[in-house]
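Novice: got a sequence here, can you model it:
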Amino acid sequence: MSWLWLSAAFMVTTAGVHSVIGYRRLIVPLLRSETGVLADPLTRRIIRFAWHATAVLMLISAAAVAWPATPDALLAVIGGGWLATGLVNAAYTKGRHIAWPALSGAGIFALIGALT
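Specialist: Residues are numbered from 1 along each chain as shown. Got it, this is the predicted structure:
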């Protein structure tokens with residue numbers, strides 16, 4: 001299996017888990033509170049939109065990584081971004097957030113694919 005396809009698979013899986021499980025475990029409980037800024041319906045819609053827009057951007061990254069003839073420089077930028085996001089996530093959450101290995105893995109595989 002190609003490193004780039006493996007990277008794309010990690011990205012698609014991460015997007016799915018983020019969109020479904022993250023929404024259920026983080027966004028739904030957060031939006032149950034209707035106090036402060038969360039009392040505003042527009043704010044609530046923006047939070048939902050932004051959450052799922054993140055997953056869409058992950059899927060776009062996956063498509064770019066799996067797309068034939070994507071320039072190596074672009075693959076390196078995408079891979080570096082995913083790896084950096086994973087490592088910062090690991091440091092910031094002290095390794096307690098479940099996504100950091102998948103984020104980092106997607107980045108590492110994209111970087112390997114770009115460099116080989």
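
Novice: so which bits of the least confident helix or strand in the chain by mean pLDDT are buried?
Specialist: When the helices and strands of the chain are scored by mean pLDDT, DSSP states H and E, helix 28-32 comes last with a mean of 95. Using 16 or more other CB atoms under 10 Å as the test for burial, helix 28-32 gives Leu31. Every residue, glycine included, has its C-beta placed from N, CA and C.

Novice: give me the distance from that helix to the chain's centre.
Specialist: 21 Å (CA atoms, centre = their mean, to the nearest Å).

Novice: C-terminal to that helix, what's the next element?
Specialist: Sequence order places helix 41-66 as the next helix or strand after helix 28-32, per DSSP states H and E.

Novice: list the buried residues for the helix or strand following that following helix?
Specialist: Sequence order places helix 72-92 as the next helix or strand after helix 41-66, per DSSP H and E. Within helix 72-92, the residues that count as buried by 16+ other CB under 10 Å are 75-76, 78-79, 82-83, 85-86, 89-90.
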